[in-house]
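A.B. asks: Would you be able to build a 3D model of this:
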Amino acid sequence: MKKYIFVIILLVMMISEYQLGAEPKFGGGFILGDPSGLTAKLFLDEIYAVDCGIGPSAYDGFYLYGDFMRHFPGLFPVKELSLYIGIGAGFHNHDKQYNNRRHDDDEGNSLEVRMPFGVEYTFKDVPVGIFLEIAPSTEIIPDFDFHLRGGTGARYYF
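C.D. replies: Numbering: from 1, shown residues only. This is a model prediction of the structure:
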């Protein structure tokens, strides 16, 4: 758990360092779906972004994810609408009672490879973006399994 806290602190430090003197490209908000929780996005430029989120899982644990995304601006006739696709990882901490029924062992964690894709609409007059995404995920640890994650949400860009 200490490793995850260190990674989160490191990401926040990188985001705050990036924002000094830069055009506002960082957004924070919420996502409703699987998972539901908090989400943040840092645009590295107009095309590439890093997205992460954390929320409670359906099995009394939590789900943490991080994705590297490529946006395709100008693909739609509406300039504010952008298609994106990405690759990332998801860490799922399960309640041990649920996990014992599922895997018959004491392992309370799983790791997934995610491939999110979706659309995001960013308003012209207010720094808010709304999005809809689907993230097919393949669990690789402790065993192989397929999950379909995704949701809708909003972020306020600073």
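
A.B. asks: The host helix or strand of residue 152 - which strands sit beside it in the sheet, and in what orientation?
C.D. replies: Element membership for residue 152 (DSSP states H and E) is strand 145-157. Partners of strand 145-157 in the sheet, by DSSP bridges, are strand 26-34 (antiparallel), strand 128-141 (antiparallel).

A.B. asks: For residue 70, find the nearest of these.
C.D. replies: Minimum separation from residue 70 across those (C-beta to C-beta) falls at strand 128-141, 13.4 Å. Bear in mind the C-beta positions are built from the backbone N, C-alpha and C, glycine included.

A.B. asks: Would you mark the buried spots in that closest one?
C.D. replies: Across strand 128-141, burial judged by 16 or more other C-beta atoms under 10 Å covers 129, 131, 133, 135, 137, 139.

A.B. asks: Look at the closest residue to the first one other than its chain neighbours and say how many residues are nearby.
C.D. replies: This means residue 129. Spatial nearest neighbour of residue 129, excluding adjacent residues (C-beta to C-beta, 6 or more residues apart in numbering): residue 122 at 4.2 Å. Neighbours of residue 122 under the rule other C-beta atoms under 10 Å: 18.
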